[in-house]
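> Here's my sequence, what's the structure:
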Amino acid sequence: MQTQGQKHIVVIGSYNVGFICNTPRLPVWGETILGSGFSVCDGGKGSNQAVAASKLGGKVSFIGCVGDDEYGKSGVEMLRQAGVNVDDVSVSPTAATGVGFVFLNERGENCIVVDPGANHRLLPEDLETKKSVQSADILVFQLENHIETIRKGMELGKKAGKTIIFNPAPASPGLDDLIGLSTIVTPNESELLILNGLDPSCTPSTEDCEHLSRVLLRKGPEAVIVTRGEKGALLVTADDSVIVPAPRVNVVDTTGAGDSFTGGLAVALSEGSALPDAVRFACYVGAFCVTKEDVIPALPTREEFQTFLLQCAEPNRVF
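Numbering: from 1, shown residues only. You can find the predicted model right below:
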């Protein structure tokens, strides 16, 4: 439930329709294999994060661009039904709504191929006319829109003194300027490696994560939060490094875990939580998400989240 004085979260990002299939492994080029459990769902990192924050009680607006097609119409309606303000969503008359192809293995792990489509039709100059950019307290970005649009949004936010959360996914090298414009950067382990020009197939230790996070801190953000799956998260600031554990859960589907974390982080900060407490809140939101299939249905309401805390034997923890 939204509270008086709650800060306004604005997510500038992507909406994609997701096509999901279970597969024992990925095919090689020229090969066809049989999958199972095909489904179609709402997705896109920006949209997921906006819905995650709104369902948890945040005051949330979404800025993005969809195609003038049935997928775009249903996506905007889904956001509206989730309580997200969609007044600043644009519609492209020429580009199709973005799509994501999600492949799941028997362990619930995923890999994703995205065609951005209309997401790349949200242009830098568009942000200067979006009212929610001016009214935002917290701006949230990812990397599924045009890079110049993301940079413009961050510059507007930085100039106005807003809190900027940057989820650098899908990651690529050479993002130093965006990292420098951010307040908080939230990579997972592989994204942290990519941002530092390293092989993302490696598994970094906690010490590696802290060292690489401090390299990013030198570029300008106030904090780096490395999400580490079942290991929780590592919060690194100039003065401290804090390991935040995640509760043990039965993992069903990791799709959207990072997005639920980012949405949860934004909500906790919007409610005035200190950063370590906000990271702890976000870890528990991410843990809830991976116990369910698909993304949007797996994102908890605040009531579902409080019930989950009881199931985690955390009866005295109140978020």
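> And residue 103, its phi and psi?
phi -110, psi 130 (degrees, to the nearest 10).
> For it, which residues count as its bridge partners?
Bridge pairing for residue 103 (DSSP bridges) gives the partners residue 21, residue 111.
> how near is it to residue 47?
Here residue 103 is placed at a distance of 20 Å from residue 47 (C-beta to C-beta, to the nearest Å). The way it works is simple: take the backbone N, C-alpha and C, and place the C-beta from them, glycine included.
> what do you get for residue 207?
35 Å.
> which residues touch the closest residue to residue 203 other than its chain neighbours?
Nearest residue to residue 203, sequence neighbours excluded (C-beta to C-beta, 6 or more residues apart in numbering): residue 189, at 7.1 Å. If you count contacts by C-beta atoms under 8 Å, 6 or more residues apart in numbering, residue 189 has them with 203, 204, 209, 226, 227, 228, 229.
> farthest-separated two in those?
The most widely separated members of the contacts of residue 189 are 203 and 227, with 14.1 Å between them, by C-beta to C-beta.
> And the strands in this structure?
8-12, 16-22, 36-43, 59-63, 65-67, 90-92, 98-104, 110-115, 138-141, 163-166, 184-185, 223-227, 233-237, 241-244 (DSSP state E).
> Looking at residue 103 and residue 47 now, which is surrounded by more residues?
Neighbour totals were compared for residue 103 and residue 47, and residue 47 leads with 32 against 19 (other C-beta atoms under 10 Å).
> Looking at residue 203 and residue 227, which is more packed in?
Neighbour totals were compared for residue 203 and residue 227, and residue 227 leads with 27 against 9 (other C-beta under 10 Å).
> Kindly provide the whole-number mean pLDDT of stretch 47-59.
Across stretch 47-59, pLDDT averages out at 97.
> do the same with stretch 14-29
93.
> Of all the residues in it, which ones are buried?
14, 15, 16, 17, 18, 19, 20, 22, 23 (16 or more other C-beta atoms under 10 Å).
> Out of those residues, which two sit at the greatest distance?
Farthest pair in those, by C-beta to C-beta: 15 and 23, 24.8 Å.
> and the worst-scoring helix or strand of the chain on mean pLDDT, what does it pack onto?
Using mean pLDDT, DSSP states H and E, the weakest-scoring helix or strand in the chain turns out to be strand 110-115, at a mean of 85. With contacts taken as 3 or more C-beta pairs under 8 Å, 6 or more residues apart in numbering; DSSP states H and E, strand 110-115 sits against strand 98-104.
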